[in-house]
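Peer 1: Predicted model and sequence follow; I will ask about them next.
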Amino acid sequence: MKLQIPPKVTRILDTLSYHGYEAYAVGGCIRDTILARTPDDWDITTSAKPEEVKELFRRTVDTGLKHGTVTVLLGDDGYEVTTYRIDGEYQDHRHPTEVAYASQLSEDLMRRDFTINAMAYNQQSGLVDLFGGMEDMQRKIIRCVGNPRERFTEDALRILRAVRFSAQLGFAIEGKTKEALTSLAPTLVHVSQERIQVELVKLLVSANPHYIGLLAETGILDVILPELSQVEEETLQHLLKVPRDKRLRLAALLLPLGEKKAKEVLRRLKFDNDTISMVGRLIKWYHRDIQPEQLDMRMALNEIGDDLLEDLLTFQEYRHPVEELRSVYQEVIKSGQCYQLKQLKITGNDLIAMGMVPGRQIGQCLQECLQMVLEYPERNETEYLQNCVKKIMKQ
């Protein structure tokens, strides 16, 4: 089998080979290339030690010397080059106590998680597939390299990665692998919330977000999201309906929890503040029934915010058609109708210039003007609003 390898990767492989070292592109990049998917990155494994790699390339970064990894920089791109290695004992269900260099590619591939991620390639040797990765891809299954209980005991994160790869690729999990990950799901307590977040998001934005149900079936959800534990069929269907957007799918998943609880979960999983806020607001306003008329659309924009409303309509599409609502929304935006204070044709400075004393009264007056303009958008004219303010000041 001949694979298309990017020129810069080929350059690294050829440089190492020319100087007498073995070198292969390895792991997910090989899997994705065979599946006609675009790899996120290209990893290289080699018999050369890190210091030997650094001697051969002008620009390198010591990104993981204790694991034998050097990043080679070619132009604006970086490629991780890692010495063949074998892992020592795992005592915390996540990290080996020590890493030792290996002398052969086979030893390096043997330590990897799944057969589809344990293939290597270079132009001279072609595809190196010692554990049946190609066959498993043809059968569309996720299977551990070697004993699945050993693989999952070494690194509990692999339990979640198995389901994530299953969702991304639409593959089933092989029987013994599924049995082992179900049995060892409780060991996920040893995995950091940040790593759980990453895997959960990758699963949710995959082509098969409904595979979240597999997390419930295997007991994984009880550990990483005990607030849900079971996922209703309605939630799974909602996940399938919304676009592949992180915030929308998080909101669909956490909708049954309500805004407050959902935000607590997102904080625990170390999501950024923008994501927490946006997901919380989507959940908060999900049941807001917006009528297909300009007045209610202006009111909704004022309540909800123009930064959220379009996403909210997409999120609500699972409940009812939104084409007419989108049309009304676009009419309001296109015609420049006022729905927030910054669009009023009068400002706090204008009120001060008219003799109003700075303080709460200014804010209250502007809100009165805004409420009037929301109902009668044609009244958003400076002269008209000034006359209204004069009346308010007399009162």
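Peer 2: Looks like it came in fine. Just so it is clear, the structure is predicted and the values come from calculations on it, not from any experiment.

Peer 1: what sits against the residue nearest to the spatial centre of the chain?
Peer 2: Centrality entry for the chain: nearest residue to the mean C-alpha point is residue 201, 3.9 Å, by CA atoms, centre = their mean. With contact taken as CB atoms under 8 Å, 6 or more residues apart in numbering, residue 201 is in contact with 246, 250. C-betas here are computed from N, CA, C, even on glycine.

Peer 1: That one and residue 250, how far apart?
Peer 2: 8 Å (CB to CB, to the nearest Å).

Peer 1: Where does the residue nearest to the centre of the chain sit, in terms of helix or strand?
Peer 2: Counting by DSSP states H and E, the secondary-structure element that holds residue 201 is helix 193-204.

Peer 1: can you pull the buried residues of that helix?
Peer 2: 195-204 (16 or more other CB atoms under 10 Å).

Peer 1: for stretch 201-219, same thing?
Peer 2: For stretch 201-219, the buried set under the neighbour-count rule, 16+ other CB under 10 Å, comprises 201-206, 208-216, 218-219.

Peer 1: Any idea how far apart the tips of it sit?
Peer 2: Taking CA to CA, to the nearest Å, stretch 201-219 runs 18 Å from one end to the other.

Peer 1: Kindly state the distance between the middle of it and the middle of its chain.
Peer 2: 13 Å (CA atoms, centre = their mean, to the nearest Å).

Peer 1: neighbours around residue 338, how many?
Peer 2: 20 (other CB atoms under 10 Å).

Peer 1: who touches it in this structure?
Peer 2: For residue 338, the residues meeting the contact criterion (CB under 8 Å, 6+ apart) are 298, 344-345, 370, 373-374, 377, 380.

Peer 1: Now do the strands in the stretch 101-250 of the chain.
Peer 2: Shown for the stretch 101-250 of the chain, the strands assigned by DSSP state E, counting those that start in this stretch span residues 119-122, 126-129, 141-142, 172-173.

Peer 1: Could you say which of those is packed most deeply?
Peer 2: Compared across the strands of the stretch 101-250 of the chain, strand 119-122 shows the largest average neighbour count, a mean of 25 (mean count of other CB atoms under 10 Å).

Peer 1: re the thing from before, next step: the contacts of residue 338 restricted to helices.
Peer 2: 298, 370, 373-374 (DSSP state H).

Peer 1: most surrounded residue in the residues you listed?
Peer 2: Neighbour counts for those peak at residue 373, which has 25 neighbours (criterion: other CB under 10 Å).

Peer 1: Might one say that that residue is in contact with residue 344?
Peer 2: Yes: in this structure residue 373 lies within contact range of residue 344 using CB atoms under 8 Å: 6.6 Å.
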